[in-house]
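> Prediction below, plus the sequence it came from.
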Amino acid sequence: MAFSELLDQVGGLGRFQVLQMVALVVPIMWLTTQSMMENFSAAVPNHRCWVPLLDNSTAQAGVPGALGPKDLLTVSIPPGPNNEPHRCRRFRQPQWQLLDPNGTATNWSEAATEPCVDGWVYDRSTFTSTIVAKWDLVCDSHALKPMAQSIYLSGILVGAAVFGQVSDRWLAESARWLLIKGKLEQGLRELQKVAAINGKRAAEDTLTAEALLSAMREELSASQAPASPAALLCTPGLGLRTCVSTLCWFAFGFTFYGLALDLQALGSDIFLLQVLIGVVDIPAKIGTLLLLNRLGRRSTQVASLVLAGLCVLANMLVPHELGALRSSLAVLGLGGLGAAFTCVSIYTGELFPTVLRMTAVGLGQMAARAGAILGPLVRLLGAHGRSLPLLVYGAVPVLSGLAALLLPETQSLPLPDTVQDVQNQAMMKATRSPPGRTVLKSTHF
């Protein structure tokens, strides 16, 4: 008997597992919702400089003739990109000559302009209130918005580290991990708890320390060699897995949060874009679970990351006027990132032995958080080139996906319990010999 058989006795998929899943999913959903709110609470409305002729009734009273708001805007605000009113500059003095139908476009080019020294006027037709409009996070202060997002995501990383210990009070420890680490009594209590919640009374009565020792004698004897977190990088066969899987986690967090927290840069209607992302994300994750069985772990990981990166890079070539195409590519790219997250979450657990599995997953999640912190800051490169942020966001997942080709395939292989198991798998692959020890648990769904 191995651990997989013990798990079948106490209930491999019952009430206990469902309760744990709900306990994890509910807070994750709230966290994701809170993060995506940034697209609306921190949206950047259309804005222009405050000017007396348009925004001061006393100044308007001294305007000669009957001039409409459009004419007053022409003489007060210089044109910006796409011939729209400039968002960050205004004329020092009204340029009345621009109203002359015989005038040329160069009439205003030599006129002195100045920043919005009196503040801004915001279009509140879509967003009645945002933190950008409240604190004037525009023009010279536009960098404060991505910085604030990075600080917020840094808080999530710190909170995960600080309160991770607190979660041990209400989330059950892995019985498999406890047994492999030699904590027999604690592992026995966890298995008995699972059996009780799943209604397996017979198994609850027969589970004893002697039965566990007899059933897992081989696994327990194989796990006596200590495994420290440093083994993830120093052990032959694990170092490459650690670096590449961590890079895949980083690529997801970096590109996903860099794009998803600034949907205004991807499409004109962020409400529709947000709905489409949610609609695509769910089937993308479900489809990934199916592809993991069809294509295998490595191929799915590579395909999802490379597809996401190519969609982002393709958006560099699409004019901003083609909003529908840009939005479609953005939704497809973010869907690919969602698929990459699903894949790397499963793949990482299968790449590493039980004694180091959660350490490796935790390291990957920290890498994803670090990527999320850096992601919004890349948008500051837009000051040096409009397409530079998209270039970086697209290149990182493409390169990470290609690096995933270096990982071994884990589909239908036994889950390794010790570092020696990983090395044995590598040796068996090199010699193409059949496995010589008992399969503990296969990774097929």
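Now that the structure is in, tell me what you want to look at.
> could you dump stretch 371-382 to PDB, C-alpha only?
Only the C-alpha atoms of stretch 371-382 are listed here, as PDB (Å, rounded to 0.1, in the frame of the first residue of the first chain):
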ATOM      1  CA  GLY A 371       6.700  40.400 -11.700                       C
ATOM      2  CA  ALA A 372       3.400  42.000 -10.800                       C
ATOM      3  CA  ILE A 373       5.200  44.700  -8.900                       C
ATOM      4  CA  LEU A 374       7.500  45.500 -11.800                       C
ATOM      5  CA  GLY A 375       4.700  45.200 -14.400                       C
ATOM      6  CA  PRO A 376       3.000  48.600 -13.900                       C
ATOM      7  CA  LEU A 377       6.400  50.400 -13.800                       C
ATOM      8  CA  VAL A 378       7.200  49.300 -17.300                       C
ATOM      9  CA  ARG A 379       4.500  51.600 -18.600                       C
ATOM     10  CA  LEU A 380       6.800  54.500 -17.700                       C
ATOM     11  CA  LEU A 381       8.900  53.500 -20.800                       C
ATOM     12  CA  GLY A 382       6.100  54.900 -22.900                       C
END
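> Can you tell me what sits against stretch 260-268?
35-36, 38-39, 43-44, 146, 149, 259, 270, 273-274, 277, 315, 323, 326-327, 330, 334, 375-376, 379, 389 (CB atoms under 8 Å, 6 or more residues apart in numbering). Just so you know, the C-beta spots here come from the backbone N, C-alpha and C atoms, and that holds for glycine as well.
> from those residues, which ones fall inside helices?
In helices, defined here by DSSP state H, the members of those are 35-36, 38-39, 146, 149, 259, 270, 273-274, 277, 323, 326-327, 330, 334, 375-376, 389.
> Give the PyMOL command for selecting the buried subset of these.
Here is the PyMOL selection string for the buried members of the ones in helices among the contacts of stretch 260-268, based on 16 or more other CB atoms under 10 Å:
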select buried, resi 35+38+39+146+149+259+270+273+274+277+326+327+330+334+375+376+389
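> residue boundaries of the strands in this protein?
Here the chain has its strands, by DSSP state E, at 47-49, 89-91, 113-115, 120-122.
> Residue ranges in the stretch 101-250 of the chain under the pLDDT threshold?
103-111, 164-168, 170-174, 176-177, 180-181, 204, 214-228 (pLDDT under 70).
> go on, the stretch 301-445 of the chain?
Looking at the stretch 301-445 of the chain by pLDDT under 70, you get 426, 428-445.
> any idea where the helices of it begin and end?
323-351, 354-377, 388-403, 419-431 (DSSP state H, counting those that start in this stretch).
> Over to the stretch 51-200 of the chain?
52-55, 57-61, 69-76, 131-135, 144-167, 175-180, 184-197.
> so which of the strands of the chain comes closest to residue 394?
strand 47-49 (29.2 Å; CB to CB).
> How far does the closest one sit from its chain's centre?
33 Å (CA atoms, centre = their mean, to the nearest Å).
> Pull out the buried residues from that strand.
47, 48, 49.
> quick check, nearest of those to residue 411?
Using CB to CB, these come closest to residue 411 at residue 47, 52.8 Å.
> For the buried residues of strand 47-49, could you give me JSON lines that also reports pLDDT and distance to residue 175?
Output for the buried residues of strand 47-49, formatted as JSON lines (pLDDT from 0 to 100; distance: CB to CB, whole Å):
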{"residue": "47", "pLDDT": "92", "distance to residue 175": "58"}
{"residue": "48", "pLDDT": "92", "distance to residue 175": "63"}
{"residue": "49", "pLDDT": "93", "distance to residue 175": "65"}
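> Out of the strands of the chain, which one sits most buried?
strand 47-49 (a mean of 23; mean count of other CB atoms under 10 Å).
> if we can go back for a sec, how about the strands of the chain in TSV, adding distance to residue 310?
What follows is the strands of the chain, written out as TSV (distance: least, CB to CB, whole Å):
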stretch	distance to residue 310
strand 47-49	34
strand 89-91	37
strand 113-115	39
strand 120-122	36
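> wait, which of these is closest to residue 136?
Judging the strands of the chain by CB to CB, what sits closest to residue 136 is strand 120-122, at 6.2 Å.
> List the strands paired with the closest one, with their directions.
strand 47-49 (antiparallel) (DSSP bridges).
> Name the nearest residue to residue 331, sequence neighbours excluded.
residue 276 (4.8 Å; CB to CB, 6 or more residues apart in numbering).
> If anything else comes up later, I'll come back, but that's it for now.
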